[in-house]
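Participant: Fold the following.
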Amino acid sequence: RRQAIHVPDRHVVGRVIADGKPLAGAIVSLRSETSQSTLNVRAQSGPDGRFEFFGVREGTLTLTARVPSYLDSDAVTFELLGSPARQSVDIELMRGEPRAVRVVDAKGAPIAGATLIASCGGNVKSRSVTNAEGGADVALRSDGAACEIYVLPKEGSIAIERVEGTEPLVIRVPEGASSLRLALKTEAGEVFSDMSVLMRIDGVVIPPAIARLIANRGFLLVTNEEGNIALQHIPPGTYEFWPYRTSAEGQVLYATAGEFACPISMKVLTGENNATVRFRAR
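Facilitator: Okay, the predicted model is just below:
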């Protein structure tokens with residue numbers, strides 16, 4: 001009996017550049033996505049800033065790079081299908097400006113050990129953790145780009161702060177006094193499993209790159225085998241959702257979320273909240 005084994009033959013190369021010069025020691029991540037699965041691999045840039053990935057499979061690919069004392073790079077997304085089988089991509093890093101941040105709870109008490117994620121233009125730029133007094137320095141872009149800081153306390157809940165000016169920030173985290181179980185089904189009762197959703201909380205859209213980081217903090221925005229999304233220890237507010245299948249679709253939705261009506265919108269109240277959304281077949 002003959003069995004065909006398909007070996008990936010794509011080749012991705014490039015350089016990491018900072019301050020106009022090649023940068024060694026950067027960790028470069030390659031995320032490849034097909035309709036069946038997602039794969040993440042890493043490489044390190046050499047003395048000349050170069051990196052290489054061999055045996056890359058076809059599909060939608062996303063490259064990012066990070067190294068201490070620099071902001072994370074913007075994500076570079078492209079498709080590698082058919083011919084040619086080789087793609088060359090340069091990734092540029094920039095230094096950040098620290099911003100003093102203090103995180104407190106709804107009563108004004110400092111929150112220690114909270115994770116802070118800085119995002120600019122939908123790209124993750126830096127991460128930090130608050131000290132015993134709730135303080136942290138968050139690295140941000142210095143060119144005036146629109147940025148947000150996402151705060152995730154160990155005990156649950158989330159706060160999102162748009163960054164303006166240069167003054168120190170005090171971010172107050174609302175109590176995570178709510179939960180939401182959202183079921184996605186057809187009118188016939190069939191479930192939508194492994195379906196991702198773009199989420200907007202009180203007018204702020206969570207970028208897909210941030211959603212991947214907060215998935216293990218009670219914000220897994222992918223339906224399970226029963227077609228459900230379960231969010232625990234979330235603050236009350238207005239929650240909106242756009243379903244999608246691929247990362248490319250998610251990025252398009254994120255870029256255009258303010259231009260179209262949201263298909264799923266609900267007011268989440270204190271306590272348990274349950275909702276079932278049924279979609280009509282086209």
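Participant: Double-check Ser179 against Glu272; I have them as touching.
Facilitator: Yes: counting by C-beta atoms under 8 Å, Ser179 sits close enough to Glu272 to count as a contact (5.3 Å). Any C-beta I mention is one placed from the backbone N, CA and C, and that applies to glycine too.
Participant: more crowded one of those two?
Facilitator: With neighbours defined as other C-beta atoms under 10 Å, Ser179 and Glu272 compare such that Ser179 has more, 18 against 10.
Participant: For the more buried one, give me its contacts.
Facilitator: Neighbour list for Ser179: 230-234, 271-273 [criterion: C-beta atoms under 8 Å, 6 or more residues apart in numbering].
Participant: Pick out the most distant pair among those.
Facilitator: Taking C-beta to C-beta as the measure, the contacts of Ser179 span a maximum distance of 14.6 Å, between Ala230 and Gly271.
Participant: For the two, indicate the residue with more neighbours.
Facilitator: Neighbour comparison, Ala230 and Gly271: the larger count goes to Ala230, with 15 against 9 (by other C-beta under 10 Å).
Participant: Any chance you could list what contacts the helix or strand in which that one is found?
Facilitator: Taking DSSP states H and E as the criterion, Ala230 maps to strand 228-234. Residues outside strand 228-234 that contact it (C-beta under 8 Å, 6+ apart): 155-158, 176, 178-184, 197, 218-224, 268.
Participant: Show only the entries of these found in helices.
Facilitator: Using DSSP state H, no member of those sits in helices.
Participant: Return a PyMOL selection command for the buried portion of those residues.
Facilitator: This is how PyMOL selects the buried members of the contacts of strand 228-234, with burial counted by 16 or more other C-beta atoms under 10 Å:
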select buried, resi 156+157+158+176+178+179+180+182+183+184+197+218+219+220+221+223+268
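Participant: Relative to Glu133, how far out is Arg45?
Facilitator: Heads up, residue 45 is Ser, not Arg. Applying C-beta to C-beta, to the nearest Å, the value for Ser45 to Glu133 is 37 Å.
Participant: Compare neighbour counts for the two and give me the winner.
Facilitator: For Ser45 and Glu133, the more surrounded residue by other C-beta under 10 Å is Ser45, and the numbers stand at 23 against 12.
Participant: Relative to Glu249, how far out is the more buried one?
Facilitator: Counting by C-beta to C-beta, the separation of Ser45 from Glu249 is 30 Å.
Participant: for Leu184, same thing?
Facilitator: The value you get for Leu184 to Glu249, if C-beta to C-beta is used, is 15 Å.
Participant: And Val197, by the same measure?
Facilitator: Shown here: Val197 relative to Glu249, a distance of 11 Å by C-beta to C-beta.
Participant: what do you get for Ala145?
Facilitator: Ala145 sits at a distance of 25 Å from Glu249 (criterion: C-beta to C-beta).
Participant: Same question for Val268.
Facilitator: The separation that Val268 has from Glu249, given C-beta to C-beta, amounts to 25 Å.
Participant: Repeat that for Arg42.
Facilitator: From Arg42 over to Glu249 (counting by C-beta to C-beta), the distance is 25 Å.
Participant: Show me the strands in the stretch 51-200 of the chain, by range?
Facilitator: 59-66, 76-80, 86-93, 97-104, 115-120, 123-129, 135-140, 147-152, 159-163, 169-172, 178-186, 196-201 (DSSP state E, counting those that start in this stretch).
Participant: To Ala281, which of the ones you listed lies closest?
Facilitator: Minimum separation from Ala281 across the strands of the stretch 51-200 of the chain (C-beta to C-beta) falls at strand 178-186, 6.4 Å.
Participant: Run the angle between the closest one and strand 228-234 for me.
Facilitator: 170 degrees (axes from the mean of the first three to the mean of the last three C-alpha atoms, to 10 degrees).
Participant: Export strand 178-186 to CSV, keeping only CA atoms.
Facilitator: Below are the C-alpha coordinates for strand 178-186, written out as CSV (Å, rounded to 0.1, in the frame of the first residue of the first chain):
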residue,chain,number,x,y,z
SER,A,178,-20.1,39.0,36.1
SER,A,179,-19.8,35.9,33.9
LEU,A,180,-21.1,35.2,30.4
ARG,A,181,-22.0,32.0,28.6
LEU,A,182,-22.5,32.6,24.9
ALA,A,183,-23.7,29.8,22.6
LEU,A,184,-23.5,30.0,18.8
LYS,A,185,-25.9,27.8,16.9
THR,A,186,-27.8,27.5,13.6
